[in-house]
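Engineer: give me a model of this one.
(chains A and B)
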Amino acid sequence: MSLPHPNRSPASEALIEMRGVTCGYGDRTILENVDISLPRGKVIGVMGTSGGGKTTLLRLIGRQLSPLSGQVLFDGIDLAGLDRKGLYDLRRRMGMLFQFGALFTDLSVFDNVAFPLREHTDLSESMIRDLVLMKLDAVGLRGARHLMPSEVSGGMARRVALARAIVLDPDLIMYDEPFAGLDPISLGSASRLIRDLNHALGVTSVIVSHDVEETFEIADHIVFLANGRVAAQGTPAQIRESTDPLVHQFFSASPDGPVQFHYPAVSVAEDFGAGGKA
Amino acid sequence: MNWLNPAWVGRVVLAELVVIGMAARLLLRLLALIPAALRRFSLVVEQIFFVGNRSLSIITVSGLFVGFVLALQGYYTLQRYGSAEAVGLLVALSLVRELGPVVSALLFAGRAGTSLTAEIGLMKAGEQLDAMEMMAVDPVQRVLAPRFVAGLVSMPLLAGVFSAVGVIGGWLVAVPLIGIDGGAFWSQMQGGVSWWSDVGNGVVKSVVFGVTVTFVSLWQGYTCKPTPEGVSQATTRTVVVSSLAVLALDFVLTAMMFSV
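Structural biologist: Numbering: from 1, shown residues only, chains lettered A, B, ... in the order given. As a prediction, this is how the structure comes out:
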C-alpha cells in the first residue's frame, strides 16, 4: 500500500489545479492571479494569443518555472514543496512533447524512445526492445527505428518524441504546439493519434495550440488565455458561443480588435516626417 | 557615465556575484557527482574518446614542433657555455614542468573545450536539456558529469603525450641533426629530471588545468543563450576565459611549487 504524499491535498476531479498563480520573466508578467482546473482523463486545449502564457502554463505544470505567487497542484501535490527527488518522481508521471520534438540528435529513433527506460528502469534489453517497438508501432514508426533524427521529417520527429513521452506510461501528456508546421496528412494523423492515445492510455492530455479546427475537434475542454488571464474556458461549443471580444477576434481571425495588428509606436506622420518642416 | 553611478555599479557587482555563486555551486555538484559518473563508466569512456582521443593529433604534432624549437633554441644558448649536451635536460625540464601542461591545456581548450561548449549549447538550444529534465533525468548528472570526468582524465594524459613527443622532437633535432652525443642527451635528462618535483608538478598542473578548461567549457555551454548567436559567443568565451585562466593559474601554481 502506498502512503499518501505529504504535500497532497484531498483527492479531486482535477489532475492539475492552479490557484491564484502569478508568474513572469524578469519585469514582465505573463500570467496574473490565474485559477485553472484541468480535469482528469480529458483532452484539454490551451489556446490564446501569442505571448498569452500558453507555453508558460506548461512550464508551470512541469515546474520548469516557479510561480511568483500562488499554488500549482498536480494530483493534489503542491509542486513548490518538492525537493529535486520529489519533483523527478512526479515528472516520471508526466510526458512532454516539445514543439520541435527535442530528440537527442546523437541517438537513433530507437535509442531516443529507449532513453527514459534505460535511465529509470532495470529492464533487460530484450524487454526494452519490445516496449520501444510497441510505442513506435503506436505512432506508426516501428519501421523507422534505425533512423537518426536528422533523417526523419519534422512530423515524424514529433511522433518519435510522442513515443518517447508515453514510454513510461505517464498520467499526463503535455503537447506544445503539436500541429505547428505539419502538412494536412501529418496534421490529421497527429490529432487522431493524440485522441486515440488519450483513450487507450487513459491519460490527461494538455495541448497548447493555435490550430482552432484540430484542437476543437479533439478537445473536451478548452482554456483560452489572453492578457495574462483566463478569458474563457469550457467545452468547445461553449467557447464558440463566448461573447468575449478577444475570444471572438481570435476565432474570427480579425487583424484588429482587442489585440491590435500594430505594435505600439509613434504616429506614422512622425516616423515618416509627413506634415513636418516645409 | 554608468560606472560613476553607484546604483549601476551595485547592480553589476551583485549580478556578477550571483554568476560566481552559481558557477561555484555547479563546480561543487560536478565534483560531488564524480563517483556517480564513474559508476556509469561507459558514458565516461565515450567522452574520453571524444575529448581525449580526438585531440591526440593536434597534441602530438604540436608537441613535436615545440620539441624541435626547444632543442634549437636551447642549443643556441647552451653551446655558448660549452654545455650543448645539456640540451636534452633543458628540453625535458621545459616540457614536463611548464610547456607540456600549459600548451596542451591551451590546445585542449581550442580543440575539445570549444566542441564541449558548442555541443551543450546546441543541446540547450534544441530543448534537449529541457526534455531530459522533463523526463526526470538530471542533465548535470547525465550530460555534464561524464564530460567533466573525461576532461579530468584526458588532460594529464594529453600533457604526458605532449611532453613525450616533445622530447622525441628535441632528440631528433639535437642528436641526428645537430650531432650532439645521444648518450649525453639521455643521461643528462635522466640525471636531472626528478620524478616527484618535476614530473609530479607537471601532472598536478595538468590536472588543475583539466578541471579548469573542462569546467569553463561546460559552464559556458550550460548557461549560454539558446540561440545561434548565444552558442557562438559562448564558444568564443570558452577559449578566451580558459586560456587566461590557464595562464594565470600556471603562474600561481609555479610560484607555489617553487616555494616547496
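
Engineer: now do the SS call for A:Arg19.
Structural biologist: Three-state call for A:Arg19 (DSSP: H, G, I helix; E, B strand; the rest coil): strand.

Engineer: so in terms of bridging, what pairs with it?
Structural biologist: Beta-bridge partners recorded for A:Arg19 (DSSP bridges): A:Gln71.

Engineer: I figured it hits A:Pro67, correct?
Structural biologist: No - between A:Arg19 and A:Pro67 there is no contact under Cβ atoms under 8 Å: 9.7 Å. To be clear about C-beta, it is placed using only N, CA and C from the backbone, and glycine gets the same treatment.

Engineer: more neighbours, these two?
Structural biologist: Counted by other Cβ atoms under 10 Å in any protein chain shown, A:Arg19 and A:Pro67 do not tie: A:Pro67 has more neighbours, with 21 against 16.

Engineer: could you look up the SS state of that one?
Structural biologist: Classification of A:Pro67 using three-state DSSP returns coil.

Engineer: who's in contact with it?
Structural biologist: A:Pro67 makes contact with A:Val21, A:Thr22, A:Cys23, A:Leu31, A:Leu60, A:Ala80, according to Cβ atoms under 8 Å, 6 or more residues apart in numbering or on different chains.

Engineer: could you dump those to JSON lines with pLDDT?
Structural biologist: Output for the contacts of A:Pro67, formatted as JSON lines (pLDDT from 0 to 100):
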{"residue": "A:Val21", "pLDDT": "90"}
{"residue": "A:Thr22", "pLDDT": "91"}
{"residue": "A:Cys23", "pLDDT": "88"}
{"residue": "A:Leu31", "pLDDT": "87"}
{"residue": "A:Leu60", "pLDDT": "92"}
{"residue": "A:Ala80", "pLDDT": "88"}
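
Engineer: count of residues packed around the closest residue to A:Arg84 other than its chain neighbours?
Structural biologist: Once flanking residues are discounted, A:Arg84 sits nearest to B:Asp138: 7.5 Å by Cβ to Cβ, 6 or more residues apart in numbering or on different chains. Around B:Asp138 there are 17 other residues, counting by other Cβ under 10 Å.

Engineer: what ranges does the stretch 1-150 of chain A have for its helices?
Structural biologist: Assigned by DSSP state H, counting those that start in this stretch, the helices in the stretch 1-150 of chain A fall at A:54-61, A:84-91, A:109-120, A:125-138.

Engineer: tell me how far the helix or strand that contains B:Trp186 lies from the chain's centre.
Structural biologist: If you go by DSSP states H and E, B:Trp186 is part of helix B:182-192. Here helix B:182-192 shows a centroid-to-chain-centroid distance of 29 Å under the convention Cα atoms, centre = their mean, to the nearest Å.

Engineer: right, and the helix or strand after that helix?
Structural biologist: Next element after helix B:182-192 (DSSP H and E): helix B:201-223.

Engineer: next, the buried residues of that following helix.
Structural biologist: B:201-203, B:205-223 (16 or more other Cβ atoms under 10 Å in any protein chain shown).

Engineer: interface residues of chain B facing chain A?
Structural biologist: Within chain B, the positions adjacent to chain A are B:123, B:126-128, B:130-131, B:133-138, B:142 by Cβ under 8 Å from any Cβ of the partner chain.

Engineer: and the two most separated of those residues?
Structural biologist: Among these, the pair separated by the greatest distance (Cβ to Cβ) is B:Gly126 and B:Ala136, at 19.2 Å.

Engineer: list of residues touching stretch B:245-253?
Structural biologist: B:98, B:101-102, B:105-106, B:109, B:201, B:204-205, B:208-209, B:212-213, B:216.

Engineer: chain center to the helix or strand hosting B:Leu152: distance?
Structural biologist: In this structure, B:Leu152 is located in helix B:145-172 according to DSSP H and E. Computed by Cα atoms, centre = their mean, the chain-centroid distance of helix B:145-172 equals 9 Å.

Engineer: helix B:145-172 and the helix or strand harbouring B:Ile20, what's the angle between them?
Structural biologist: Following DSSP H and E, one finds B:Ile20 within helix B:6-32. Here the directions of helix B:6-32 and helix B:145-172 differ by 80 degrees (axes from the mean of the first three to the mean of the last three Cα atoms, to 10 degrees).

Engineer: now the helix or strand following helix B:6-32: average pLDDT?
Structural biologist: Using DSSP H and E, the next helix or strand after helix B:6-32 towards the C-terminus is helix B:34-39. Helix B:34-39 carries an average pLDDT of 93.

Engineer: contact partners of helix B:34-39?
Structural biologist: Contacts for helix B:34-39 (Cβ under 8 Å, 6+ apart): B:Leu43, B:Val44, B:Gln141, B:Ala145, B:Pro146, B:Phe148, B:Val149, B:Leu152.

Engineer: which two among those residues are spaced furthest apart?
Structural biologist: B:Gln141 and B:Leu152 (15.7 Å).

Engineer: next, count neighbours for A:Met156.
Structural biologist: Neighbours of A:Met156 under the rule other Cβ under 10 Å: 20.

Engineer: how near is it to A:Ile185?
Structural biologist: Going from A:Met156 to A:Ile185 by Cβ to Cβ, to the nearest Å gives 12 Å.
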